[in-house]
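In: got a predicted structure plus its sequence, pasted below:
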Amino acid sequence: WNCQTMRASPAKLGGLPFLLGRGWNQVTWPGKQFPTSDQLDALEIDHPIWLRRVDGHAGWANSKALHLAGIDKSTQSPEGGEILRDSKGEPTGILIDNAMALLQKAIPAVTLAQEKKCLQNAFSRALSLGLTSVHDAGINEKTLNAYRELSREGAIPIRMYPMLSVDSHNYAKLLKAGHIGSPEDRLYMRSIKLSADGALGSRGAALLEPYHDHPAEKGLLLYPEAKMLSLLKLATDNDFQVNVHAIGDRANHIVLNHLETLDKTESQQKHRHRVEHAQVIEVKDIPRFTQLNLIASMQPTHATSDKNMAGDRLGEKRLVGAYAWQTLLDQGTPIAAGSDFPVEPANPLFGLHAAVTRRDRQGNPSEGWRTEEAMTLEQALRAFTLDAAYASHQEKVIGTLEPGKFADFILLDKDIFEIDPQEIWRVQVLQTWVEGERVYQKPL
C-alpha cells in the first residue's frame, strides 16, 4: 500500500542505492527452507538488496545490504527479533520481525512527494478492484502527512481509514492532536495499530506451546507486555480505537488480557477495539471476544493460503481455534473482513470466495479446508461491507445501500448469488462508484 511495498529494478531505481522488493515465501519452495544472502550475492547485482517476506515479518538481504547496515557476526538480535545465523554464527541474510529495523535504518527515506505518488497509484489500483473504502493498517507520520496533503488537495478518490502505527515518530503528540476528519470524510483517522507478534510462516507468531515443526521455538512478542499495555492505554486515554495484530494463541491471549485490563478501568465498548487477524486462538479464549465487545478483523484468504502450512506449524490440536470464522460469528462477534494486502491480493472477490468455499483459487482441497468454519455468502458479504464499516465507526454512512447513506457501490459482470461459489473469484468489476460518482470504468 505504501512506498515500502513497491518493487523496483536496478534500471528504475532513480538514484536510490537499494533494490527493494517483497513477496517471497519459502513455504512454497522445494525444501521449505529460508534462503540466504549467498543466493542473492550469486546474482552479481551491484546494489544492496532487501526483499521482505510476503507477510512483512521477515526480510532477506544480500551481503552488501548487511555490510551497509553494519550487521555482522557480533551484532546482537534485538528484543522481539532474530538474526538467523549459520553454523559459524555468521548472519544468513534473514532477519525476523524487530531485527528487520537494523537493516531498514540504512535504506534512504522516501520524500513526501514520492509518498503521495505511491498513495495515488494505490488509490487507482484499489478502485479498479471494486474497493470503495480501505483500512490502512499502520502508517507513520510521513504517510499521514501525505494523506493530509492529498485530502487538502481534494485528491483522495476513495474512502481511507488509516491507523497510526505505535512506532510512528511523534506517536504521543499525534494522539493528543485528536481524530482527523469524521465518518463522512474521505480521510478519517481515529485508531492506532500495534503488532503484538510476528507471523506463522516465519515462525514469529507467539505460541503458548512450541511450534509443532520446530520444538525449540515459540515465536516472538514484539514488545514487552508492560510496554504493550502502556502503548494501548495511551491510545485509549486519547479516545483512539486500538487495532492489535495478534496471530499466535499466546499473542491473542496477552492482547485479550490487556484489553480486559483497560475495560476494568473504563468501559471500552465505545472504541470498538479490533484484534487484527485473530488467527490462532486458544479455544477457551474465544468467548472473551464477545465478553469484551471486540471485533475480529480477519482475512479469509489467509486460511486458503496457509492451509498447507498451518498444520505443520501448529499440529492438528491447535487448528481447532484457528481461522475460526463461524465459531466467532455464532457467538455474536462481528468479523470485519479484509485482505491484508500486500500480504494477500487486494481483490475482495478473492476474499468472498475463500470465506465461502475454504478452497484456493485452483479449487483445492476439493471438499474445502475445515469447512465447518466457512461463512455463508450472506455472512461473508456483510463482513466485507456493513461490519467492516462498523469496525471503522462508519456504519451510519456506508456499508449498505439505503436512504441517508453515501452511494458507494460497485457493478459486477455476474450475480455472485447465482453462480457456483468456486467461480466467485473470477467475477469482474465493471464500475466503481464513490458518493454517487463513477470513479472506475473497466476498459472495453
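Out: Good, I have the coordinates.
In: which residues does stretch 70-83 contact?
Out: Stretch 70-83 is contacted by residues 61, 66, 85, 88-91, 94-103, 106, 204, 220-224 when judged by CB atoms under 8 Å, 6 or more residues apart in numbering. Glycine gets a C-beta too; all of them are placed from N, C-alpha and C.
In: just the ones of those residues in strands?
Out: When DSSP state E is applied, the contacts of stretch 70-83 are split such that 61, 85, 91, 94-97 fall in strands.
In: take these and write them to JSON lines, including neighbour count.
Out: Putting the ones in strands among the contacts of stretch 70-83 into JSON lines (neighbours: other CB atoms under 10 Å) gives the following:
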{"residue": "Ala61", "neighbour count": "29"}
{"residue": "Arg85", "neighbour count": "14"}
{"residue": "Pro91", "neighbour count": "24"}
{"residue": "Ile94", "neighbour count": "22"}
{"residue": "Leu95", "neighbour count": "31"}
{"residue": "Ile96", "neighbour count": "24"}
{"residue": "Asp97", "neighbour count": "27"}
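In: closest one to Lys116 out of the residues you listed, please.
Out: Closest approach between the ones in strands among the contacts of stretch 70-83 and Lys116, by CB to CB: Ala61, at 28.2 Å.
In: wait, the closest one sits on Ala99?
Out: No: using CB atoms under 8 Å, Ala61 makes no contact with Ala99, being 10.6 Å away.
In: buried sites along the helix or strand of the chain with the lowest mean pLDDT?
Out: When the helices and strands of the chain are scored by mean pLDDT, DSSP states H and E, strand 19-24 comes last with a mean of 92. For strand 19-24, burial by neighbour count (16 or more other CB atoms under 10 Å) applies to 19-22, 24.
In: what helices or strands is the following helix or strand past it leaning on?
Out: The C-terminal neighbour of strand 19-24 among helices and strands, as given by DSSP states H and E, is helix 37-41. Helices and strands touching helix 37-41, by 3 or more CB pairs under 8 Å, 6 or more residues apart in numbering; DSSP states H and E, are strand 58-61, helix 63-69, strand 91-97.
In: to Leu386, which of the ones you listed lies closest?
Out: For Leu386, the closest of those is strand 91-97, at 34.1 Å, according to CB to CB.
In: what's next to the closest one, contact-wise?
Out: 34-38, 40, 57-63, 66, 71-73, 75, 80-86, 102-103, 198, 202-204, 220, 222.
In: go with 6 Å
Out: Strand 91-97 has contacts (CB atoms under 6 Å, 6 or more residues apart in numbering) with 34, 36-37, 57-61, 66, 71, 80-86, 103, 198, 202, 204, 220, 222.
In: run a quick neighbour tally on the residue lying closest to Asp306 once chain neighbours are set aside.
Out: Closest residue to Asp306 apart from its sequence neighbours, by CB to CB, 6 or more residues apart in numbering: Leu200 at 6.5 Å. A total of 27 residues lie near Leu200 under the criterion other CB atoms under 10 Å.
In: now stretch 397-408: mean pLDDT?
Out: Averaging pLDDT along stretch 397-408 yields 98.
In: other residues contacting that stretch?
Out: Counting by CB under 6 Å, 6+ apart, 132, 183-184, 385-386, 389, 409, 434-436 sit against stretch 397-408.
In: can you pull the buried residues of it?
Out: Across stretch 397-408, burial judged by 16+ other CB under 10 Å covers 397-399, 406, 408.
In: before we move on, what about stretch 373-387?
Out: Within stretch 373-387, the residues that qualify as buried are 373-375, 377, 379-387, counting by 16+ other CB under 10 Å.
In: run the chain-centre distance for stretch 169-189.
Out: Relative to its chain's centre, stretch 169-189 lies at 20 Å (CA atoms, centre = their mean, to the nearest Å).
In: first-to-last residue distance for that stretch?
Out: End-to-end distance for stretch 169-189: 16 Å, by CA to CA, to the nearest Å.
In: all helices of the stretch 51-200 of the chain, in order?
Out: When assigned using DSSP state H, counting those that start in this stretch, the helices of the stretch 51-200 of the chain occupy the ranges 63-69, 100-104, 112-128, 141-152, 171-176.
In: before I go, just wanted to say thanks for your time.
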